[in-house]
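1. Quick one: sequence plus predicted model below, questions after.
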Number of protein chains: 2
Amino acid sequence: MTRTRILEAAWRLLESGQAEGVRMADIAREAGISRQAVYLHFPTRAELLVATTLYLDEVKHVDKRLAASRSATTGVERLSAFIEAWGNYIPEIYGMAKALLAMENTDEEAAAAWSDRMQAVRQGCEAAVRALARDGTLTPDRSVEEATDLLWTLLSVRNWEQLVQDCGWSQGQYIETMKELARRSLVRDSG
Amino acid sequence: MTRTRILEAAWRLLESGQAEGVRMADIAREAGISRQAVYLHFPTRAELLVATTLYLDEVKHVDKRLAASRSATTGVERLSAFIEAWGNYIPEIYGMAKALLAMENTDEEAAAAWSDRMQAVRQGCEAAVRALARDGTLTPDRSVEEATDLLWTLLSVRNWEQLVQDCGWSQGQYIETMKELARRSLVRDSG
DNA sequence: CCTGTCACTTGACACCGTGTCAATTGACAT
DNA sequence: ATGTCAATTGACACGGTGTCAAGTGACAGG
């Protein structure tokens, strides 16, 4: 199916670094079809990018990965498992994310799409925070909502980008630091 | 001087919200001159934006604000003062920052300019971390460099944006949370 | 009073990337 | 043979940046 070939082509290009060099013409060439044929399947660049993220989520089985964090028994374990699952997913979608993020400013639809995806992440954060609250291990300093905001911000793609891409941290270092930071700022009595 | 009028116009427009709607023509109109006259003073949009940030730093006396944090005696005080100074500066430059950030992806020069400005912030972070290290109050978990990376990331404009703009936190809430987060993740024995 | 010069204006234009439109081709099915 | 469907080619509009050339008006010095 041509549609799939386009999605694969987009993915391949976005994955390989220089996010913003990826134009519709490039994707078409990579897929071995004409630029106009791309428009036959995806009305706008934004929609193509969104479709690519959804395609990735499917191919990479995000759902299965998050299942692990959902099955954790204690809140603390759940928090840790969630950070690990999401944190390790970031590098795989980073090319995509960067391209989508770059359109946020100019493209209404791209912004909405990215916001949707991030709300899903926020759900995950909230679930982890609620698990802590249920166990009574959430720090008394913050409400569930504030704690969720904080965790969500900590785990943003931008923060990953800054630490791993710009500062040269290893992925493991990133994960460990985020876990520790989350624990210290969200879990009660954990010096 | 026309140059100043242009800078003031750019500032006024950027400050008032919708960063990405600000085109060269808009700035010219706001300054009461022709679009081409702007190019007489600033060769490119990126250079105009950069000049505007420098102009803002001058007008807003960033240097004086940071002096306070430099004169703190203990490392912990210095950390706190720095977070307060920088954290309270962010909302004043946010319009600018957003416009510059939006060009990061497309414009080489804008990216370099923004990166420069952020390196300056990083210097401030590093100074605070070194003050902690000197006092022996830096957590043993992290090297000076790692601690600097972490603090710098915590205090990014993007994080401020997400918490204050997107999540609706108050400025005071943001400052307090950042101070606490920094303390918990950088200062030794502070549960 | 003439002549420069300097800041600015007007208007036209090239470039780039996105998205649109119309006419055409080639394969496959009925 | 006919229809249909995916894809092709080529042209074009739009928006925003940046360039270029010619013109205008004010002010200064001889």
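-> Looks like it came in fine. Quantities reported herein were computed from a predicted structural model and do not represent experimental measurements.
2. Please identify the buried residues of stretch A:121-134?
-> A:121, A:122, A:124, A:125, A:126, A:127, A:128, A:129, A:130, A:131, A:132, A:133 (16 or more other Cβ atoms under 10 Å in any protein chain shown). For glycine as for every other residue, the C-beta is placed from the backbone atoms N, C-alpha and C.
3. what do you get for stretch A:73-89?
-> For stretch A:73-89, using 16+ other Cβ under 10 Å, the buried residues are A:75-76, A:78-87, A:89.
4. Pull the number of nearby residues for residue A:96.
-> Residue A:96: 23 surrounding residues under other Cβ atoms under 10 Å in any protein chain shown.
5. wait, it sits on residue A:52?
-> Yes - the pair residue A:96 / residue A:52 is scored as a contact, 6.0 Å apart, by Cβ atoms under 8 Å.
6. Quickly list what's touching both of these two.
-> Listed contacts common to residue A:96 and residue A:52 are A:11, A:14; contacts here mean Cβ atoms under 8 Å, 6 or more residues apart in numbering or on different chains.
7. thinking again about what came up before, for residue B:168, state which of the buried residues of stretch A:121-134 is nearest.
-> Nearest to residue B:168 among the buried residues of stretch A:121-134: residue A:122, at 13.5 Å, using Cβ to Cβ.
8. Next up, identify which helix or strand the spatially closest residue to that closest one that is not a sequence neighbour is on.
-> Of all residues not flanking residue A:122 in the chain, residue A:152 sits nearest, at 4.9 Å (Cβ to Cβ, 6 or more residues apart in numbering or on different chains). Remark: residue A:152 resides in helix A:144-154, with elements defined by DSSP states H and E.
9. Can you report the mean pLDDT over the residues of that helix?
-> Mean pLDDT, computed over helix A:144-154, is 98.
10. mind listing what's buried in the lowest-mean-pLDDT helix or strand in chain A?
-> Using mean pLDDT, DSSP states H and E, the weakest-scoring helix or strand in chain A turns out to be helix A:62-70, at a mean of 85. Using 16+ other Cβ under 10 Å as the burial criterion, the residues of helix A:62-70 that qualify are A:62, A:65, A:66, A:69.
11. Please name the spatially closest residue to residue A:62 (chain neighbours excluded).
-> Computed as Cβ to Cβ, 6+ apart, the closest residue to residue A:62 that is not its neighbour in sequence is residue A:89, at 6.6 Å.
12. quick one: is the host helix or strand of that neighbour near DNA strand D?
-> In the assignment (DSSP H and E), residue A:89 maps to helix A:75-103. No - with Cβ under 7 Å from any atom of the strand as the criterion, DNA strand D is not reached by helix A:75-103; the gap is at least 14.3 Å.
13. how many degrees apart are the helix or strand residue A:114 falls within and helix A:144-154 in direction?
-> Taking DSSP H and E as the definition, residue A:114 sits inside helix A:108-135. Helix A:108-135 runs at 130 degrees relative to helix A:144-154, counting by axes from the mean of the first three to the mean of the last three Cα atoms, to 10 degrees.
14. can you list the buried residues of stretch A:121-134 in CSV and add pLDDT and distance to residue A:168?
-> Listed next are those as CSV, based on pLDDT from 0 to 100; distance: Cβ to Cβ, whole Å:
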residue, pLDDT, distance to residue A:168
A:121, 94, 24
A:122, 96, 28
A:124, 94, 27
A:125, 97, 26
A:126, 96, 32
A:127, 96, 32
A:128, 96, 28
A:129, 97, 30
A:130, 96, 35
A:131, 96, 33
A:132, 96, 32
A:133, 96, 36
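15. quick one on the thing from earlier: give me the contacts around the least confident helix or strand of chain A.
-> With Cβ under 8 Å, 6+ apart as the test, helix A:62-70 has contacts from A:57, A:78, A:81, A:82, A:84, A:85, A:86, A:89, A:124, A:127, A:128.
16. If anything else comes up later, I'll come back, but that's it for now.
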